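# Provide a 3D model corresponding to the input given below.
(2 chains)
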Amino acid sequence: MIEPRILKGFRDSLPQQELRRKDLITCLESVFSSFGLVPIDTPVLEYTEVLLGKGGGETDKQVYTFTDHGGREVAMRFDLTVPFARYMASHAHELPLPFKRYHVDKVWRGENTQKGRYREFYQCDFDIVGIDHVSADFEILLIINESLKRLGIPAFSVHLSHRGIFNSFLADLGIADRAPDILRCVDKMQKIGLSEVEAQLQEIITIQQTRDVLAFISASGTPLEVLSALGDLCGKAQEHIHRLSILTDFAMDAGCADTLVINPSITRGLDYYTGVVYETYLDELEAIGSICSGGRYNDLASLYTKQKLPGVGASIGLDRLLAALDELSDTPSRSSTADVLVICMDESRMGDYQRIACRLREAGLHAEVSLTKRRLPQQFSYAERVGIPLALILGEEELESGTYTLRDLQSRMQERLQSIEKLVNRCRLLTGKGAHTL
RNA sequence: GUGAGCGUAGUUCAAUGGUAGAGCACCAGAUUGUGGUUCUGGUUGUUGCGGGUUCGAGUCCCGUCGCUCACCCCA
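Predicted coordinates for the structure are as follows:
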């Protein structure tokens, strides 16, 4: 016998979790579509040189690579953004610009595991490519907002910053060459706090420079107040600050400014961001970290093409978001999609059971039939355990008289219905599924 | 990848180196067309896996796999 084990950092998904994930993805996709974004797909495997580019970075060590049967050096995608850059370079001439896409799929990273951090996980990306314009930055912000609202998340905030402002500020201090280290350090602000960041910064730059940097990232208040403070600290970045202020104006006009926070300590670790950057936190679950982040990257496709393809986008951490939704909602999750369980009273009447179940299915209801005769309590318990709300009892009496006994498993009330139409209507009412629902 | 802690029944947890246990859950029956109570009976298991020390290992040692935490990085 072979032990049915699975690899570290890889997981099976039981129906209960998988249904929740699918529901979540369906909801997000409907939001994306409502903005006119279209779905795309790219291969799981790419040439190693395509994914790693010039290479040398920290991500290289985490990428699964191997030599295929034809001697090619191949790599599994570790995010959806880099393959997308390659995709745009390959197909830009076939696509309308600006191009808006979304992509939800698995990616792989061979790093060490931790709670909520796995070697195989889902990413959910949405981007607008082909224009470098504040309107695109704003639309991404709006999509983040709408997504979280539609998921029923009560309170969240989108933290916004701009790489260009910070870089210009660092250049003024004469420490632009250490920008990547400083950004990485400042990015930990949320997690390790101000004093720890200060200590780490002093190992990179002077005490005075550290004070300046801390003053910069500590600016807080309303978006307008922060922008004004940044303007004082960083005169050469007026263009970038102006862009953020237009973005803020748009957000106010669109009625989504209440979730907006300008937070200069947000930098994003990745070095390919060049403009606005986003991080999204749940007010009630800050400890879980950012559940949606992204930003503007204006040089991403330059590895693959001379054509200028500026883009802006964001990525939702589905696993984190699922964990968050689990904590926030108290509704029990189901492991069935059925609305009605047709009870088996007599195995020789299976044809009748399925015939009636099909009538329910044609009416848009999900009907599952018990395949063997078991004691009634067992069939009821099964339905309740997997989350099927209704049971349809078709015994000798009902089949002879053409009637239907419908039981509400939760209330344990049941009633006799005189026709299939009445049965359908009653099921729709009890499950909250209107006639229009499919 | 580096460092640390943990791994016993489906689950939550016990067991001075000396016969592997309890609650909950689960299954069967009392009740073959009605599940929430009660009663009776039952399975709870190669103590993650593999070696070693010992008369004897869940317990001590080594290795391995997995989980958790920190670093790193990030979703």
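# please make it C-alpha for all contacts and neighbour counts, starting now.
Will do.
# helix or strand next in line after the worst-scoring helix or strand of chain A on mean pLDDT, which one?
Within chain A, no helix or strand scores below helix A:189-192, which has a mean of 69 by mean pLDDT, DSSP states H and E. Going down the chain from helix A:189-192, the next helix or strand is helix A:194-202, by DSSP states H and E.
# how about the contacts made by the nearest residue to residue A:234 once chain neighbours are set aside?
Leaving aside its chain neighbours, residue A:234 sits nearest to residue A:169 (5.6 Å; criterion: Cα to Cα, 6 or more residues apart in numbering). Taking Cα atoms under 8 Å, 6 or more residues apart in numbering, we find residue A:169 in contact with A:233, A:234, A:236, A:237.
# wait, residue A:312 sits on residue A:136?
Yes: here residue A:312 reaches residue A:136: they are 7.0 Å apart, a contact under Cα atoms under 8 Å.
# who has more neighbours out of these two?
residue A:312 (29 against 22; other Cα atoms under 10 Å).
# who's that one bridged to?
Taking DSSP bridges, one obtains residue A:128, residue A:296 as the residues bridged to residue A:312.
# the residue positioned nearest the centre of chain A: which element?
Taking Cα atoms, centre = their mean, the centroid of chain A lies closest to residue A:316, which sits 3.2 Å from it. Here residue A:316, judged by DSSP H and E, is contained in strand A:311-317.
# chain center to the helix or strand that that strand is followed by, what's the gap?
Per DSSP H and E, strand A:311-317 leads on to helix A:318-328 as the next helix or strand towards the C-terminus. Using Cα atoms, centre = their mean, to the nearest Å, the mean C-alpha position of helix A:318-328 is found 10 Å from that of the whole chain.
# in the lengthiest helix in chain A, what's buried?
When chain A is parsed with DSSP state H, its longest helix is helix A:15-34. Neighbour-count burial for helix A:15-34 flags A:16, A:19, A:20, A:21, A:24, A:25, A:28, A:29, A:31, A:32 (criterion: 16 or more other Cα atoms under 10 Å).
# from the contact counts, what lies against it?
Using 3 or more Cα pairs under 8 Å, 6 or more residues apart in numbering; DSSP states H and E, the elements in contact with helix A:15-34 are helix A:134-150, helix A:318-328.
# the helices in the stretch 251-400 of chain A, which residues?
Using DSSP state H, counting those that start in this stretch, the helices of the stretch 251-400 of chain A run over A:318-328, A:350-362, A:376-386, A:396-401.
# would you reformat these as a markdown table and include mean pLDDT and mean neighbour count?
Formatted as a markdown table, those follow (pLDDT from 0 to 100; neighbours: other Cα atoms under 10 Å):
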| stretch | mean pLDDT | mean neighbour count |
| --- | --- | --- |
| helix A:318-328 | 81 | 16 |
| helix A:350-362 | 95 | 17 |
| helix A:376-386 | 87 | 16 |
| helix A:396-401 | 91 | 12 |
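# which residues of the stretch 301-438 of chain A score low on pLDDT?
Applying pLDDT under 70 to the stretch 301-438 of chain A flags residues A:329-332, A:435-438.
# around RNA strand B, pick out the residues from it.
Residues of the stretch 301-438 of chain A found near RNA strand B (Cα under 7 Å from any atom of the strand) are A:315-317, A:319-320, A:345, A:375-378, A:380-385, A:393-398, A:405, A:408-412.
# low pLDDT regions in the stretch 101-250 of chain A?
By pLDDT under 70, the low-scoring segments of the stretch 101-250 of chain A are A:190-191.
# could you pull out the helices for it?
Under DSSP H, counting those that start in this stretch, the stretch 101-250 of chain A gives helices at A:134-150, A:163-173, A:179-187, A:189-192, A:194-202, A:207-218, A:223-233, A:238-254.
# measure the residue nearest to the centre of chain A to residue A:282 for me?
Remark: distance between residue A:316 and residue A:282 (Cα to Cα, to the nearest Å) = 13 Å.
# on that earlier part again, just flag the most distant two among the buried residues of helix A:15-34.
A:16 and A:32 (24.7 Å; Cα to Cα).
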